[in-house]
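Enquirer: next input, structure requested:
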Amino acid sequence: MPRTQRRSSTALLRYLGLRLVLMIPTVLILVTVVFLFMRVIGDPITAAQGGRLSPAELEARKEAAGYNRPIWVQYLEYLGNVLRGDFGVSTKDQRQIVDVLITNGAATIELVFWALLVAFVVGIPLGRLAARFHDRLPDVTIRTFAVLVYAAPVFFVGLLAKLVFSSALGWLPASGRASFETRLELGRLEQPSHFLIIDAIRSGNGEYVIDVLRHAVLPALTLGLLTAGIFIRLIRINLLETVRADYVTAARARGVPERKVVSKHAFRNALIPVVTVMGMEIALMLGGAILTETTFEWDGIGYQLSQYLLARDFVAVQGIVTAIALVIAAASFLIDVINALVDPRVRY
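Expert: Next up, the predicted model:
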């Protein structure tokens, strides 16, 4: 192996090792903050059953659940359970939170996937178009659109989309992941994956696939346009910077056609910041998914979290929020890995 390549590999491993080490205190802080926040509200038994049980019954349940023990003992037990993948049991419906994460988490992942697809399809071409017509009417129009879709509240965009495309025009369904008949039939599949689009494809029935896709359009647009606004601005700004770079000027001087200069040299480097912010965008999307899923009654993690909040089921809330924090930390590390592979400068 050449010395330069060996040094690059060593730098990459050192960088990834450092990021992995730094992720440990980050996760610990996140988990601790969630635990303390829930304990400031009160113990889960009192929060969920305080007005329904006598004081003696309430104390008996708190004693059985271990909430009368010192806070540091509860914290250590909580950490141990998280390390074992045990996020508790809901006091509302007695479901294991792990089961909620698996079943409803598939719906959230499906929604985030469609939303990211919308963000890329809308954000990247419009960002390129805005950079091409810098400070002209198309650029001003696209920048205004980017600001509007980013600043508009997710629930407002969702309600507006339902009002226009569902109630007024009747083009698309207003809620749910699929019609009742489709969900009933897909639920009969052997070992369902909980990803409705995958199960619909497995069924071999094109009507089920179309039904699932039609239900996904409005939620995906609502959540995806939020991220598309960020992509538009990132692509535009970085494309304008890269087209003025020395290596792009050198490519023009060699007679490379302008379209090839932009697509092969400038645009590829302009995508690097998009990869960099993807970790933050995943966190933003998970936050937006709570409002989007509630607006469209999309049975994902966000929708379940809102239902548990209404029921004051703080055991379930704590488990779900902890799991989301862990997913965000893992996604941020994965984005660091991809970023280091794409841009060697971050390794040094």
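Enquirer: Asp86: how many residues sit nearby?
Expert: 14 (other CB atoms under 10 Å). All C-beta spots, glycine's among them, are computed from the backbone N, C-alpha and C.
Enquirer: equivalent analysis for the one 4 residues further on, please.
Expert: Residue crowding around Ser90 was assessed by other CB under 10 Å; the count is 24.
Enquirer: what residues are up against Thr222?
Expert: Going by CB atoms under 8 Å, 6 or more residues apart in numbering, Thr222 touches Val154, Val157, Gly158, Ala161, Thr292, Thr295, Phe296.
Enquirer: with the residues you listed in mind, which one is nearest to Ile230?
Expert: Using CB to CB, Val154 comes nearest to Ile230 of the contacts of Thr222, at 13.6 Å.
Enquirer: now that closest one: how far from Gly123?
Expert: 16 Å (CB to CB, to the nearest Å).
Enquirer: and for Ala220?
Expert: The gap separating Ala220 from Gly123 is 13 Å, by CB to CB.
Enquirer: cool, and Asp299?
Expert: Asp299 sits 27 Å away from Gly123, going by CB to CB.
Enquirer: between the two, point out the one with more neighbours.
Expert: Between Asp299 and Gly123, counting by other CB under 10 Å, Gly123 is the more crowded of the two (26 against 20).
Enquirer: Val149 versus the closest residue to Leu309 other than its chain neighbours, what's the distance?
Expert: In space, and not counting its chain neighbours, Leu309 is closest to Val317: 6.0 Å by CB to CB, 6 or more residues apart in numbering. Val317 sits 30 Å away from Val149, taking CB to CB as the criterion.
Enquirer: Tyr78 now?
Expert: Distance from Tyr78 to Val149, by CB to CB: 39 Å.
Enquirer: how far away is the residue lying closest to Ala131 once chain neighbours are set aside from Pro125?
Expert: What sits nearest to Ala131 in space, not counting adjacent residues and going by CB to CB, 6+ apart, is Leu239, at 3.9 Å. Distance of Leu239 to Pro125, computed by CB to CB: 12 Å.
Enquirer: out of the two, which sits in the more crowded spot?
Expert: Leu239 (21 against 14).
Enquirer: the more buried one is in what secondary structure piece?
Expert: helix 206-242 (DSSP states H and E).
Enquirer: looking only at pLDDT, what's the mean for that helix?
Expert: For helix 206-242, the mean pLDDT works out to 85.
Enquirer: list the buried ones in that helix?
Expert: Under the neighbour-count criterion of 16 or more other CB atoms under 10 Å, helix 206-242 has 208-209, 211-212, 215-236, 238-240, 242 buried.
Enquirer: and if you look at stretch 161-181?
Expert: In stretch 161-181, counting by 16+ other CB under 10 Å, buried: Ala161, Lys162, Phe165, Ser166, Leu172, Pro173, Ala174, Arg177, Ala178, Ser179.
Enquirer: nearest to Trp114, of those residues?
Expert: Distances from Trp114 to the buried residues of stretch 161-181, taken by CB to CB, are shortest for Arg177, at 10.9 Å.
Enquirer: the closest one: what secondary structure?
Expert: Assigned with DSSP: H, G, I helix; E, B strand; the rest coil, Arg177 falls in the coil class.
Enquirer: that one reaches Asp299, doesn't it?
Expert: Yes - counting by CB atoms under 8 Å, Arg177 touches Asp299, with 6.2 Å between them.
Enquirer: need the residues touching each of these two.
Expert: Ala107.
Enquirer: can you tell me the closest non-neighbouring residue to Trp171?
Expert: Phe165 (5.0 Å).
Enquirer: and the gap between that neighbour and Leu213?
Expert: Phe165 sits 14 Å away from Leu213, going by CB to CB.
Enquirer: same thing with Thr292?
Expert: For Thr292 relative to Leu213 (CB to CB), the value is 17 Å.
Enquirer: swap in Ile142?
Expert: Applying CB to CB, the value for Ile142 to Leu213 is 27 Å.
Enquirer: again with Val327
Expert: For Val327 relative to Leu213 (CB to CB), the value is 25 Å.
Enquirer: for Ile335, same thing?
Expert: On the measure of CB to CB, Ile335 and Leu213 end up 28 Å apart.
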